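Chemist: show me the folded form of this:
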Amino acid sequence: MVDKKVSREIRKQIKRSTNSMSKELKEMVKEMVRPTNQNLREDILSDIWAANKKVVDGKWYIELSQAVKIISNE
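Modeler: Reported below is the predicted structural model:
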């Protein structure tokens, strides 16, 4: 009986510690990815803004082929 109780308690403690480690790792990954996503978004918008624009009725447009090249990073 004692062995089962001890092993059950050990399993509980291991589960708690791995769950907390998983949460910490997930948070760390989120913090690492957020700046990358933000930088990527800024880079794309900057490239779109720098693309050759055409003005039609007071609105600025870029060619779809240019947008595709910018988004696909060509």
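Chemist: nearest residue to the middle of this structure?
Modeler: residue 33 (4.3 Å; CA atoms, centre = their mean).
Chemist: which element follows the lengthiest helix in the chain toward the C-terminus?
Modeler: Assignment by DSSP state H gives helix 2-50 as the longest helix of the chain. Scanning forward in sequence from helix 2-50, with DSSP states H and E defining helices and strands, the next element found is strand 54-56.
Chemist: elements contacting the next helix or strand after that next one?
Modeler: Counting by DSSP H and E, the next helix or strand C-terminal to strand 54-56 is strand 59-61. Strand 59-61 sits against strand 54-56, with contacts defined as 3 or more CB pairs under 8 Å, 6 or more residues apart in numbering; DSSP states H and E. Bear in mind the C-beta positions are built from the backbone N, C-alpha and C, glycine included.
Chemist: what pairs with the strand it packs on, parallel or antiparallel?
Modeler: strand 59-61 (antiparallel) (DSSP bridges).
Chemist: run the chain-centre distance for the helix or strand just after the strand it pairs with.
Modeler: Going down the chain from strand 59-61, the next helix or strand is helix 64-71, by DSSP H and E. How far helix 64-71 lies from its chain's middle: 22 Å, per CA atoms, centre = their mean, to the nearest Å.
Chemist: what angle do helix 64-71 and helix 2-50 make?
Modeler: 140 degrees (axes from the mean of the first three to the mean of the last three CA atoms, to 10 degrees).
Chemist: buried residues, helix 64-71. List them.
Modeler: residue 70 (16 or more other CB atoms under 10 Å).
Chemist: low-confidence regions, this structure specifically.
Modeler: Counting by pLDDT under 70, the chain contains low-confidence ranges at 1-2, 35.
Chemist: so what does residue 63 have for phi and psi?
Modeler: The phi and psi values for residue 63, taken as degrees, to the nearest 10, are phi -70, psi 140.
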